[in-house]
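Trainee: pasting the sequence and the predicted coordinates here, then a few questions.
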Amino acid sequence: MSGAWTLDVDAERIGTLWLDVPGEKVNTLSTAVMEELRGLLETAPANGKLKALIFVSRKEDCFIAGARIEEIGDITSETAAYDACRKGQDVLDRIARLPIPTAAAIDGVCLGGGLELALACRYRLASDHPKTRLGLPETRLGIIPGFGGTTRLPRLVGIQQALGIILKGGRMDPRRAHRIGLVDARVPKARLLREARRMVLSGRPARRFRPRGLVAKVLEGTGLGRSIMFKKARQGVMETTGGHYPAPLEAIRVMEDSRGKSLEAGLDVEAHAVAPLVVSAVSKNLIRLFFLAEGVKKKQVGGIGPKDVRKLERMGVLGAGIMGGGIAQLAADRGLSVRLKDIRDDALFQGLGEASRLFGKKVKRRRMKKREKSAAMGRISPTLEYDGFHTLDIVVEAVVEDLGVKRAVLKEVEEATRGRAIFATNTSSLPISKIASPAARPDRVVGMHFFNPVHRMPLVEIIRGEHTSDETAAAVFELARKMGKVPVLCGDGPGFLVNRLLMPYLNEAAYLLQAGASVQGIDAAMLSFGMPMGPARLLDEVGLDIAYHVGVFLETCFPDRMRGAPLLKSIRDAGLQGRKGGSGFFLYDRKGKQGAVNPKMKKLLPGAGPQPSPETLVERMVLPMVNEASRILAEGIVETPGDVDLGMIMGTGFAPFRGGLLRYADSQGITHIADRLTFWYDSEGDRFQPAEPLLERAKANRSFYDD
């Protein structure tokens, strides 16, 4: 491929180097693009005609989105990874060594290798456009910035800021980038090139980091201070990741080892650190997850593309509790107008209060201005009646999990909207087709299952009932994307995807507790496995009453393998609700912070006996999920193993570094999993009976991703 770069030279001998990768929506730094840039850097400045050089993009809302991730995923040897890293460093270092002023004029996303290119320039300017974002997200792919970012960034903004940027892997707006010195100027988009020209002609020296304030001078300027920063950073990484992700720890080591060395020596340290990370299983799994999430953006439901779907811009939300308030806040934050309805004033106040609280957190974190919060809250209008519902495009119900109640509000909504609105039920387990049975327009009834808390959990299950039309499913799928969520399309089966897989896991945890395993032991085992929280804590988060309700429903559907542990009923009868009630397996303070194991729970549990090994605990809780997933795929509840893995990671936090539930199963071997299920079936009964679809895979020696 060629022709990505175009050099224009004006009468003042200022060169503007435009990047526009042919046939792509965004610019990425592929090998071909980098080689073309190398050639330009070797020839263009050498003829003496250039007085300055400005890098700019022709793509709308995108400067450079990073290196080409497909190429990173294809690298299988450390030698190849090291060589690729050094080649990329060399190209960008040629920018840094140019004898003329250089500037990156950044408009739109500037991530990964794109920001590393900007770091190699003498100056950086960013437009104040809302879509301009800068960041180094490499640690989220299991690697570290390898084109000079880990080495150059601390020299520009200081160690403390660099640690935050690289370890979190997030994106920052131009305001913050300017405040910390990552960019030299933040200017209106219309004046970006003009200001870049002015800057390269200004003769200003390149920015160098100088700590301000006594604390910063001690931390950044002394050996003891730097040691404290690196130690705290390591502790933070271990607390957050449990050590399952080597990239953040390597980033810290590179910054520490390259401190005080020449730039060239630092780049070599960086390249040697990148090489083993690129070929690691963690990186490969995180890259696969990246492409699963990217696939959602391109997915067509029923052959209907995003441009052809019905646009849903006016939403109603029924039920103004915590869930309803969270849905309303999310919709208003994304520019939708929302009609929030309940039958009680106090419930409306609760829903509005939840929305205001969530917007307030964004203001506090400087992700929103106060006037923007006021405008967003103004898009939510509360009501006790169905006034104005005839103008709505979609109504999302978040009322109690009762089939009769949901059918009743469906009929009311159809009358109030005159049949024009889509009715989306937020049910977590009830069949969509049963909810839709009294509907005049069952084709406009669909499941839209948000996970709690709405503002944090990225997954939304879009569930098609028996009569849900392609147009309805496609419109709601696209709405979920517009709301910043990751939608997964599901068929209408009990528990859909996530709850059907999650309940065997939680149920088995309860059986283990009944048998004498400790609350701390089962949670510690799953935390060590890589889950974001243990099953006891997760039951508290879900709500012990809700978990019991879902468990009873699934037991009626699958009485043999999903027979509920008696402990869950005992907990329900004891009135323990979990975190929302202040006590469950653990005690919680007013802010919801977890405390000690609940003394009341100890009375419901048997005395501790011999404790199973962590390996046994993990096996007994994870293998039933794999078993059930094989049935879900065979039944067509979801289309692909990737849907299962994406749903479990985005909906439950299933260890991303393992690639998801079924990637993990493939890594263990399907035959091995079938054998272990058979072992536990002989010992524990029907809960572990290997599913026929799983046995068929084992017999054919076929993994899930062989499909």
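Mentor: Cool, got the structure. Computed from a prediction, not measured in an experiment: that's the story for all the values here. Residues are numbered from 1 along each chain as shown.
Trainee: dump the residue contacts of the closest residue to residue 29 other than its chain neighbours.
Mentor: Counting by C-beta to C-beta, 6 or more residues apart in numbering, residue 29 lies nearest to residue 113, which is 4.3 Å off, once chain neighbours are set aside. (Each C-beta comes from the backbone N, C-alpha and C, glycine too.) By C-beta atoms under 8 Å, 6 or more residues apart in numbering, residue 113 lies in contact with 28, 29, 64, 66, 67, 88, 147.
Trainee: just for this protein, where's the confidence low?
Mentor: Confidence mapping of the chain against pLDDT under 70 gives the ranges 1-2, 45-48.
Trainee: hmm, back to that, any idea how far residue 79 is from the residue nearest to residue 29?
Mentor: Here residue 113 is placed at a distance of 21 Å from residue 79 (C-beta to C-beta, to the nearest Å).
Trainee: which parts of the stretch 501-650 of the chain are strands?
Mentor: All strands of the stretch 501-650 of the chain, identified by DSSP state E, counting those that start in this stretch, fall at 586-588, 594-597.
Trainee: what packs against the first one?
Mentor: This points to strand 586-588. Secondary-structure packing of strand 586-588 (3 or more C-beta pairs under 8 Å, 6 or more residues apart in numbering; DSSP states H and E): helix 535-542, strand 594-597.
Trainee: sheet partners, orientation included, of the shortest one?
Mentor: In this case it means strand 594-597. Next to strand 594-597 in the sheet, as set by DSSP bridges, lie strand 586-588 (antiparallel).
Trainee: for residue 54, what are its contacts?
Mentor: 14, 15, 16, 17, 102, 103, 104, 105, 193, 196, 197, 200.
Trainee: quick one: it is in a strand?
Mentor: Yes: per DSSP: H, G, I helix; E, B strand; the rest coil, residue 54 lies within a strand segment.
Trainee: what number of residues lie near residue 235?
Mentor: For residue 235, the count of nearby residues is 10 (other C-beta atoms under 10 Å).
Trainee: phi, psi of it?
Mentor: Taking degrees, to the nearest 10, you get phi -60, psi -40 for the backbone angles of residue 235.
Trainee: how near is it to residue 228?
Mentor: 11 Å.
Trainee: cool, residue 338 as well?
Mentor: Distance of residue 338 to residue 228, given as C-beta to C-beta: 47 Å.
Trainee: so the two - more neighbours on which side?
Mentor: Neighbours per residue (other C-beta under 10 Å) separate residue 338 from residue 228, with residue 338 holding more: 24 against 13.
Trainee: so who does the more buried one touch?
Mentor: 315, 316, 317, 328, 331, 332, 379, 380, 381.
Trainee: give me the neighbour count for residue 443.
Mentor: Counted by other C-beta under 10 Å, the residues lying close to residue 443 total 16.
Trainee: that older thread, want to throw the helices and strands packed on strand 586-588 into a markdown table with distance to residue 357 and mean neighbour count?
Mentor: Putting the helices and strands packed on strand 586-588 into a markdown table (distance: least, C-beta to C-beta, whole Å; neighbours: other C-beta atoms under 10 Å) gives the following:
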| stretch | distance to residue 357 | mean neighbour count |
| --- | --- | --- |
| helix 535-542 | 18 | 24 |
| strand 594-597 | 20 | 13 |
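Trainee: got CSV for these, with distance to residue 561 too?
Mentor: Formatted as CSV, those follow (distance: least, C-beta to C-beta, whole Å):
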stretch, distance to residue 561
helix 535-542, 18
strand 594-597, 29
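Trainee: figure out which of the ones you listed is closest to residue 647.
Mentor: Relative to residue 647, the nearest member of the helices and strands packed on strand 586-588 by C-beta to C-beta is helix 535-542, separated by 15.8 Å.
Trainee: packing partners of the closest one?
Mentor: Using 3+ C-beta pairs under 8 Å, 6+ apart, helix 535-542 sits against helix 498-514, helix 519-529, strand 586-588.
Trainee: what residues does the second one touch?
Mentor: When contacts are defined by C-beta under 8 Å, 6+ apart, helix 519-529 is touched by residues 242, 509, 512-513, 533-537, 585-586, 597, 601, 605, 611-612, 614, 617-618, 621-622, 655.
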